[in-house]
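Asks: dropping the sequence and predicted coords here.
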Amino acid sequence: MSDKIKFVLDEEDIPKSWYNIVSDLPVPPPPVLHPGTGQPVGPDDLAPLFSMAAIMQEVSGERTIDIPDPVRDIYRQWRPSPLFRARRLEKALDTPARIYYKYEGVSPAGSHKPNTAIAQAFYCKEEGVKRIATETGAGQWGSSLALAGAFFGLEIEVFMVRVSYDQKPYRRAFMETFGATCHASPSNLTESGKKILAENPDSSGSLGIAISEAVELAAQRDDTKYALGSVLNHVLLHQTVVGQEAMRQMELADDYPDIVVGCTGGGSNFAGLSFPFIGAKLRGEQDVRVIAVEPANCPSLTKGKYAYDFGDTGNLTPLVKMHTLGSSFVPPASHAGGLRYHGMAPLVSQLVDLGEVTPTAYSQTECFDAGVTFARAEGIVPAPEANHAVKGAITEAMRCKEEGQSRTILFNLCGHGYFDMQAYTDYNAGKLQDYAYDESEVAMALAGLPPVA
Ligand SMILES: *Cc1c(COP(=O)(O)O)cnc(C)c1O
C-alpha cells in the first residue's frame with residue numbers, strides 16, 4: 001500500500017474509450033417504450049431530440065465505445081482528475097478503514113457533468129445542430145452545457161428549477177458568462193410550464209417539469225436538440241471515464257475498494273465511478289459492494305416502484321423502466337437540488353433490482369453533518385449532493401470501527417459546494433431543515449403510473 005495521499009495520472013492516461021456495462025449484464029435491459037403504442041422505440045422516434053451518435057450509444061451493446069479525439073482534447077483541461085486517500089478524515093473518525101475519494105470538482109463547472117456535456121455538444125455540432133435546450137436542477141448541468149456550448153459554438157437555452165434559480169443566482173451568472181440563456185422553470189415560454197403555473201403560480205418547480213419545458217422547446221425547431229445531464233444510458237456511459245481512471249489510481253495506491261459509494265440523483269456520477277468496478281465483478285474478476293445514497297425526501301430507489309414511467313412531469317418522453325416515485329410527484333425543496341428527481345437511471349435501477357447495488361437514504365441534515373466533518377478534515381467543501389456520498393462513506397467507515405475491521409472504501413466526491421454557500425449559511429446558522437416528503441402524494445403519483453402490459 002502506498003502512503004501517498006494524492007494519486008495523479010498523466011494526460012495520456014485519460015481513457016481512450018467509454019465502458020458500456022450493458023455488455024456485462026446477465027440479462028438485457030428492458031426496452032424503452034413508445035407511450036402511444038406501447039412498442040419499443042426505434043432510433044427514428046428519438047431523432048428529433050438527440051444526436052444520432054447519442055441515440056446509437058443509447059442502444060449499444062458494445063463493451064467499449066471510442067472517445068472522439070476532440071472530446072479527449074477538451075477532457076485534458078481537467079482530466080485525469082485526482083484521487084485522494086482521505087487520511088485526515090480517517091484520523092478524525094478514528095477508523096481502521098482506508099477511505100479514498102475521486103474528486104470531480106476540479107472540472108471547470110465544478111462537478112462530473114462536463115464529462116458528458118462536452119461529448120453531447122460535440123456530437124450535436126458534428127451533426128449540424130445550432131441550439132441545445134436543457135433543464136438544470138442545482139445549476140451544475142446548465143453550467144456544464146453552457147461551457148460545452150462556448151467550446152463548440154452552440155446556443156444553449158436552460159430551464160432552471162425555480163427553487164434553485166432563487167437559491168443560486170451565481171449559477172445563473174456562470175451560465176450567462178459562457179453565453180447561455182437561463183429561464184426559471186416553470187416558465188410562461190412553454191405549454192407545459194403554463195399548465196403548471198395555472199395550477200400553482202408559486203410552484204417551486206422540479207426537474208421533471210423543467211425537462212418537459214426543454215423537450216417541448218427542442219421539438220419545435222429542426223436546428224435544436226435536447227440534452228439530458230443524467231439518467232440515460234449514453235450519459236452514464238460518458239461518465240465511466242471517472243471509474244476507469246479510479247481503477248488505475250487504486251492500482252497506484254496498491255489497493256482495491258471493498259466498497260464503492262456514490263450519491264444518486266439520476267444516477268450518472270454514481271454510475272461513472274461504480275460501473276467499471278461492477279463490470280469487473282460481473283465478469284468474475286473482483287468482488288465489490290456498491291452503495292447508492294439518495295436523499296430521504298426523494299427516495300426513488302428505497303421507496304419507489306420499479307416500473308415503466310415517464311421521464312418528465314408533462315409526460316412528453318418515452319416510457320422507461322426505472323425506480324420511480326411517479327412522474328407527477330414534485331419532491332420537497334432541499335439544497336441538494338441535483339438529487340430532486342422522481343426517477344432513477346434505468347441501468348442503475350436494473351442493478352438494484354439484480355441485487356448488485358444496495359440503496360440507502362439519508363436526510364439532508366445528516367448529510368451536511370458528514371460534509372462538514374469531511375471539509376474540516378480534507379479542506380474541500382462538498383456540493384450538497386456529494387454530501388450524501390460522504391455520509392454513505394463515513395457510515396461504512398464507522399461500521400468498520402465498530403466491527404474492528406479494516407476495509408477499503410472509495411467514494412465519488414462528484415462536485416464542490418462553492419456555489420452552494422446559501423446552503424452552508426443555513427446549516428451554520430442551524431436553520432437547515434428536513435422536509436419529509438408527502439407519502440400520500442407519492443401514493444397518488446404511483447397510482448397514476450402509465451399502464452404497461
Ligand atoms: C447533477 C449532480 C448530481 C446528481 O446527478 P447524478 O446524475 O445522480 O450524478 C449529483 N452531484 C452533483 C455535484 C451534481 O452536479
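Replies: Received, thanks. Numbering: from 1, shown residues only.

Asks: would you confirm that G137 contacts F159?
Replies: No: contact criterion C-beta atoms under 8 Å: G137 and F159 do not qualify, at 10.4 Å. Using the backbone N, CA and C atoms, a C-beta is placed for each residue, glycine as well.

Asks: find the residues that touch each one of these two.
Replies: Here G137 and F159 have A210 as joint contacts, going by C-beta atoms under 8 Å, 6 or more residues apart in numbering.

Asks: the two: which has the busier surroundings?
Replies: F159 (33 against 26; other C-beta atoms under 10 Å).

Asks: centre of the chain to the stretch of helix or strand that one belongs to, how far?
Replies: F159 belongs to strand 155-161 when assigned by DSSP states H and E. A distance of 17 Å separates the centroid of the chain from that of strand 155-161, by C-alpha atoms, centre = their mean, to the nearest Å.

Asks: try stretch 76-90
Replies: That offset, for stretch 76-90, works out to 19 Å (C-alpha atoms, centre = their mean).

Asks: stretch 113-133 now?
Replies: 18 Å.

Asks: ok, now stretch 284-299?
Replies: Worked out by C-alpha atoms, centre = their mean, stretch 284-299 lies 13 Å from the chain centre.

Asks: end to end, how far does it reach?
Replies: 31 Å (C-alpha to C-alpha, to the nearest Å).

Asks: is there proximity between that stretch and the ligand?
Replies: No: Stretch 284-299 stays clear of the ligand (C-beta under 6 Å from any ligand atom), getting no nearer than 8.8 Å.

Asks: list the buried residues of that stretch.
Replies: Across stretch 284-299, burial judged by 16 or more other C-beta atoms under 10 Å covers V288, R289, V290, I291, A292, V293, E294, P295, A296, N297, C298, P299.

Asks: contact residues of the protein facing the ligand?
Replies: 111, 113, 140-141, 230, 263-270, 338-339, 383, 385-386, 414-415.

Asks: find the residue closest to H335 in space, skipping its chain neighbours.
Replies: Nearest non-adjacent residue to H335, counting by C-beta to C-beta, 6 or more residues apart in numbering: A423, 3.6 Å away.

Asks: touching, that neighbour and G338? I think so.
Replies: No: in this structure A423 lies outside contact range of G338 using C-beta under 8 Å: 11.8 Å.

Asks: with neighbour numbers in mind, choose between those two.
Replies: G338 (32 against 25).

Asks: and that one, how close does it get to P384?
Replies: Distance of G338 to P384, computed by C-beta to C-beta, to the nearest Å: 8 Å.

Asks: got any residues that touch both of those two?
Replies: Joint contacts of G338 and P384 (C-beta under 8 Å, 6+ apart) are A138.

Asks: and S51, how many neighbours?
Replies: 25.

Asks: for the residue in the stretch 51-200 of the chain that the ligand sits nearest to, grab phi and psi.
Replies: Nearest to the ligand in the stretch 51-200 of the chain, going by C-beta to the nearest ligand atom, is Q140, at a distance of 3.0 Å. The phi/psi pair for Q140 (degrees, to the nearest 10) reads phi -70, psi -40.

Asks: repeat that for F411.
Replies: phi -130, psi 160.

Asks: tell me what it is bridged to.
Replies: Y101, V261 (DSSP bridges).
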